[in-house]
Each structure stands twice: as structure tokens, then as C-alpha cells.
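Trainee: sequence and predicted structure below; questions after.
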Amino acid sequence: MTAQCLQPTIPFNDDEVTQGYFARIGHFQTGADAGRFCRFFDLSRADFRDGNSRCVEVIAAISGESSTRLQHNVIQQDAGDVLRLRGEGLGLPMVRRVSVRFCPRCLLADKDKAPSLERAAWRFRWSWLLKPV
């Protein structure tokens, strides 16, 4: 199957991880979660989780975004419990969201960007961005 750029496209945020962008596209286009959206493109959950080249290839094809830009923000599995993002090693607690802390101003800014979503706008930050500090 050859993936084609889905319309309408949605922008990729510079602070967004590539896998989160894919999940956001899936939610926007179909209402599906990331696991189900992976199946639409024969993308294995392992490829998605590990952020390998197949993952980046599929996301670039369906988003129209540059694969170089996507590769820069992809989270990749490294040795043991270390994940790599932009050349930095991250521990699992940084990526896994077992607790959440947000800047109140950031939450208000999210709500102001999409007033129709009301408090649901806050969920987007939880779902698609790295665990904030």
C-alpha cells in the first residue's frame, strides 16, 4: 500500500515528537488512536514505538512533511531504558506520563488557541507532547 498525503493537512509543531504528530493526525482525520491508525498504513506498533525509518517514511507520506524534519523529532529506542530525541538520551520516566505538571499560562494559551474545545484543549498537551516539567 502506498500512503498519500491526507487532506486537509495539519501543521507539525517544532516542539512535538514525531510519533505524537502521527497520533494527532490519526485523531484529527479518523478519530482513531495511534495503535489503530498504525494499522491503516500497515505500520507495526514496534516500528511506531521505536521510531525507525519505516515509521518516519509513513508519517512523511501521509503528512506531506519533510522526512528530515520528522527524523529530527522522532523518539528512538536506544540501549536499555534509554530513548533518544535530537541526540539526547532520555530516561523512561521523562517520556512516560505517570504524573503531569503544566505551566498554568501554557494551559490558558492552549485553551485560547481553540476556544471551542474548552478544557479538552488541555488533553492535547498531555497526549502529544513530551512530559512537561
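Mentor: Arrived safely, thanks for sending. Residues are numbered from 1 along each chain as shown.
Trainee: C-alpha only now, for contacts and for neighbours.
Mentor: Will do.
Trainee: does residue 66 touch residue 58 like I think?
Mentor: No. Counting by C-alpha atoms under 8 Å, residue 66 stays clear of residue 58, with 11.3 Å between them.
Trainee: among these two, which residue is more densely surrounded?
Mentor: The residue with more neighbours, out of residue 66 and residue 58, is residue 58; 22 against 14, by other C-alpha atoms under 10 Å.
Trainee: give me the pLDDT for that one.
Mentor: Looking at residue 58, its pLDDT is 95.
Trainee: a strand runs through it, doesn't it?
Mentor: No. Going by DSSP: H, G, I helix; E, B strand; the rest coil, the assignment for residue 58 is helix, not a strand.
Trainee: contacting residues around residue 48?
Mentor: When contacts are counted by C-alpha atoms under 8 Å, 6 or more residues apart in numbering, residue 48 touches 19, 38, 55.
Trainee: name the residues that touch the helix ranked longest in the chain?
Mentor: When the chain is parsed with DSSP state H, its longest helix is helix 18-30. When contacts are defined by C-alpha under 8 Å, 6+ apart, helix 18-30 is touched by residues 6, 10, 12, 32-34, 37, 48-49, 51, 56, 59, 63, 70-71, 73-75, 127-129.
Trainee: for it, buried residues please.
Mentor: Residues of helix 18-30 classed as buried by neighbour count (16 or more other C-alpha atoms under 10 Å): 18-26.
Trainee: go on, stretch 28-40?
Mentor: Neighbour counts over stretch 28-40 (16+ other C-alpha under 10 Å) mark 32, 34, 37-38 as buried.
Trainee: how far does it stretch from one end to the other?
Mentor: This stretch, stretch 28-40, spans 14 Å end to end (C-alpha to C-alpha, to the nearest Å).
Trainee: could we number from 55 for the rest of this?
Mentor: Sounds good: first residue 55 from here, last item stretch 82-94.
Trainee: spatially central, which residue of the protein would that be?
Mentor: Of all residues in the chain, the one closest to the mean position by C-alpha atoms, centre = their mean is residue 74, 0.8 Å from it.
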